[in-house]
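> here is my input; please provide its structure:
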Amino acid sequence: MQSAAEVNPTDEQYSEDDSDQYLTFKLAGEEYGVEILRVQGIQGLQKVTTIPNTPEYILGVINLRGEIVPVIDLRKRFSLESVEFNSTTVVIVVRMVNEGKERTIGIVVDGVSEVYRFEHKNVQEPPEFGAKVSTEFLKGLASVDEKMVILLEIDHLVDFNEITSAVDGSPSE
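Sure, this is the predicted structure:
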């Protein structure tokens, strides 16, 4: 059986219908992945304008080509230890979809890693941790080169209404 890292995206034996490409990134020593079709760009960390009364994990907003984009600190979102941002810290700009509405957000990560293609049959369901641990933002787990990659379900990563309320100033539903 081939590992995901050994799968060549141009191999004729693999159909795009039974696999997805993921952009992977580092966060607190672990590797995470988001569907590459959701990624709109990777930005160097720039000045973020803070918005009062937002959840701690929402750093604020940036102006990205005329669009106001909320920026999420994934370390804070995942209750990981905060660290100083450095030269490898980037913002991955992704598109979320919720109830037919789209929203562009930026997620701050420690650094970008690789792009991998994972066959659906090789992606394992996230384990059950009990009622007190939320795994709704986990799409699955995949192995690459002796390491585990945590695949994120970007649409469940943050509360869409909370983001909209914080950025647009409209009340949460």
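> can you pull out the helices in the chain?
Ranges of helices within the chain are 74-77, 160-168, based on DSSP state H.
> check the ones you listed for me: which has the lowest mean pLDDT.
Mean pLDDT is lowest for helix 160-168 among the helices of the chain, at a mean of 66.
> so, low pLDDT: which residues of this protein?
Counting by pLDDT under 70, the chain shows low-confidence ranges at 1-17, 128-135, 160-173.
> and the strands in it?
Taking DSSP state E, the strands of the chain run over residues 19-27, 30-35, 39-44, 58-64, 67-73, 90-98, 101-109, 111-119, 138-144, 147-152.
> how about these in TSV, adding mean neighbour count and distance to residue 51?
In short, each C-beta sits where N, CA and C put it, glycine included. TSV is the format used below for the strands of the chain (neighbours: other CB atoms under 10 Å; distance: least, CB to CB, whole Å):
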stretch	mean neighbour count	distance to residue 51
strand 19-27	20	23
strand 30-35	20	24
strand 39-44	14	18
strand 58-64	19	5
strand 67-73	20	8
strand 90-98	19	16
strand 101-109	19	13
strand 111-119	17	26
strand 138-144	19	27
strand 147-152	18	23
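> adding distance to residue 125, write those out as TSV.
Shown next, in TSV, are these (distance: least, CB to CB, whole Å):
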stretch	distance to residue 125
strand 19-27	15
strand 30-35	15
strand 39-44	23
strand 58-64	29
strand 67-73	25
strand 90-98	22
strand 101-109	23
strand 111-119	13
strand 138-144	6
strand 147-152	11
